[in-house]
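[1] Below: sequence and its predicted model.
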Amino acid sequence: MRGAPRLGLALAAALWSISVLVGGACAHPTFFPGTTILKNDDTQKIVDTIELYRTRLTERNVEGLLALASDKYREDSGTPRSDDDYGYDGLKDILRHRLGGLRSLWYEIEFRDIRVHDQQADVDVFLNGSFELASQSSGDRYRRVNDYHRFVLERQGDSWKFLSGM
């Protein structure tokens, strides 16, 4: 009976070692805070790209924004008409015109979902913002934006560029 306590201690140590090994193999997934979006290399780069977009937008940095856009950028303006659609060159004009007409801008992006498939990602967000127009003859100088929105990005090497949604 003298060996029984040692055997019990050895068995307990062996079981603890196995539980550590098994527990380590079952790592829990990590999500972005407040979301069900899985945090991995791709989703982190996508979130960083969109945050850089938000920062450059609030700074009204047109050249910095254009650097985030793919040369395949395409926007349909959300209408069935084709005369208001534009590509990368049209994006330059839109950004210069719209950002040049602002006195102030506040903009938040709340991530709802990120779906990566092959070389493309669809990013669903909720936009919350407000802006003040520099000169408005109609009288309403302040506007709010509260809406769901989708950004579409494409992988280019080790980074992500906007295909639409800017």
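    Yes, it's here. Just so it is clear, the structure is predicted and the values come from calculations on it, not from any experiment. Numbers count the residues shown, from 1 in each chain.

[2] can we go C-alpha only for contacts and neighbour counts from here?
    Will do.

[3] can you pull the pLDDT of residue 80?
    The model reports residue 80 with a pLDDT of 73.

[4] Kindly apply the preceding question to residue 10 instead.
    Reported pLDDT for residue 10: 51.

[5] Repeat that for residue 28.
    82.

[6] what do you get for the one 4 residues further on?
    For residue 32, the model assigns a pLDDT of 94.

[7] Can you give me the neighbour number for it?
    Neighbourhood size, residue 32 [other Cα atoms under 10 Å]: 14.

[8] Please identify the helix or strand for residue 44.
    helix 41-58 (DSSP states H and E).

[9] ok, residues contacting that helix?
    By Cα atoms under 8 Å, 6 or more residues apart in numbering, the residues outside helix 41-58 that reach it are 62, 64-65, 68, 105-109, 114, 116, 159-161.

[10] In strands, which of those fall?
    Assigned to strands by DSSP state E, the following of those qualify: 105-109, 114, 116, 159-161.

[11] Could you double-check that residue 113 sits in contact with residue 121?
    No: contact criterion Cα atoms under 8 Å: residue 113 and residue 121 do not qualify, at 10.1 Å.

[12] Tell me which of the two has more neighbours.
    Set residue 113 next to residue 121 and count neighbours by other Cα under 10 Å: residue 121 wins out with 22 against 15.

[13] what about the more buried one, helix or strand, and which?
    Going by DSSP H and E, residue 121 is in strand 120-133.

[14] Which neighbours in the sheet does that strand have, and how are they oriented?
    Using DSSP bridges, the strands paired with strand 120-133 in its sheet are strand 102-117 (antiparallel), strand 142-156 (antiparallel).

[15] Buried ones in the last one, by neighbour count?
    With burial defined by 16 or more other Cα atoms under 10 Å, the residues of strand 142-156 counted as buried are 150-155.

[16] Poorly predicted segments of this structure, please.
    Confidence mapping of the chain against pLDDT under 70 gives the ranges 1-26, 77-78, 82, 135-140.

[17] coming back round to it: give me the angle between the helix holding residue 44 and strand 142-156.
    Counting by axes from the mean of the first three to the mean of the last three Cα atoms, to 10 degrees, helix 41-58 lies at 140 degrees to strand 142-156.

[18] Alpha carbons only: can I get helix 41-58 in CSV?
    Taking C-alpha atoms only, helix 41-58 is exported to CSV below (Å, rounded to 0.1, in the frame of the first residue of the first chain):
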residue,chain,number,x,y,z
ASP,A,41,-5.1,37.7,-41.1
ASP,A,42,-7.5,38.5,-43.9
THR,A,43,-10.2,40.1,-41.9
GLN,A,44,-7.7,42.1,-39.8
LYS,A,45,-6.2,43.6,-43.0
ILE,A,46,-9.7,44.3,-44.4
VAL,A,47,-10.7,46.1,-41.1
ASP,A,48,-7.4,48.0,-41.2
THR,A,49,-8.0,49.1,-44.8
ILE,A,50,-11.5,50.3,-44.1
GLU,A,51,-10.4,52.1,-41.0
LEU,A,52,-7.7,53.8,-43.1
TYR,A,53,-10.4,54.8,-45.6
ARG,A,54,-12.5,56.3,-42.7
THR,A,55,-9.5,58.3,-41.5
ARG,A,56,-8.6,59.6,-44.9
LEU,A,57,-12.2,60.5,-45.5
THR,A,58,-12.5,62.6,-42.4
